[in-house]
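Enquirer: Build me a model:
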Amino acid sequence: MGASVVGALVVLGGKLVAWGLTGSAAILADAGESVTHVIATGFAAFSLWYATEPPDPGHPYGHGKIAYLAAGAQGAAILVAALGILYSAARALLEGPALRELGVGLALTAGVAVLNGVLGRYLVHVGRRTGSLVLVSNGRDVMTDMWTSAGVVAGVGLVWLTGAAWLDPLVATLVALNILWTAYRLLQRAVAGLMEKAH
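Expert: Numbering: from 1, shown residues only. Below is the predicted model:
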């Protein structure tokens, strides 16, 4: 999990620099998805550790519920991130995006997307070799982030080539809707798991 956390932070840093250079709502949305990945990775690492703690007088049946609570916390954090991105995209649509340095931002975003792809494949490989479903799942999540970045690069690339700046907040909105779907699934899983555990 250590490699995943470090990789996620490096990728997030690269995307934030790209957003700072370009002012692109789409690249900001892509960075928002990386924030959700950092949060998810952190919660996964914590819940893996805590769930293996032995039962104690306060928790005679162990600490297995922490995974559902962690999923709920992830879902809530991701929901907030998605709503923030939608707000930013709506403002950009209404006010008109002030884009700059798109070539440099595109190169940086493409570079971190490649890094994500390498990291994702590595995590899936190690997870399959060691039989760790958490690592396999985390690796697939990283690969999903890579494909989102690829879509953002394509969308912002169109803006760069055509000058159609309105495409930028549109791409940001699509990314935010994808993040909202992720939040919904996490919250649904958390509620279902906690309800099942309660019976």
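
Enquirer: what's the spacing between residue 97 and residue 125?
Expert: Going from residue 97 to residue 125 by CB to CB, to the nearest Å gives 39 Å. C-beta coordinates here come from the backbone N, C-alpha and C atoms, glycine included.

Enquirer: Between the two, which is the more surrounded one?
Expert: For residue 97 versus residue 125, neighbours defined as other CB atoms under 10 Å are more numerous around residue 97 (21 against 13).

Enquirer: Would you double-check that that one falls in a strand?
Expert: No. Secondary structure of residue 97 (DSSP: H, G, I helix; E, B strand; the rest coil): coil, not part of a strand.

Enquirer: Surely it is in contact with residue 167?
Expert: No. The criterion here is CB atoms under 8 Å, and residue 97 misses it with residue 167 at 9.3 Å.

Enquirer: okay, and for this protein, where does confidence drop off?
Expert: Along the chain, the parts satisfying pLDDT under 70 run over 1, 44, 47-48, 51-67, 70, 133-134, 196-199.

Enquirer: Tell me who's in contact with residue 21.
Expert: Shown in contact with residue 21 (CB atoms under 8 Å, 6 or more residues apart in numbering): 100-101, 104-105, 108.

Enquirer: Show me which helix runs longest in the chain.
Expert: Ranked by residue count and defined by DSSP state H, the top helix of the chain is helix 167-198.

Enquirer: how distant is that one from the center of its chain?
Expert: 11 Å (CA atoms, centre = their mean, to the nearest Å).

Enquirer: And stretch 103-113, by the same measure?
Expert: 17 Å.

Enquirer: what sits up against that stretch?
Expert: Contacts of stretch 103-113 (CB under 8 Å, 6+ apart): 10-11, 14-15, 17-19, 21-22, 24, 27, 30, 146, 149-150, 152-153, 156-157, 160.

Enquirer: All set, thanks.
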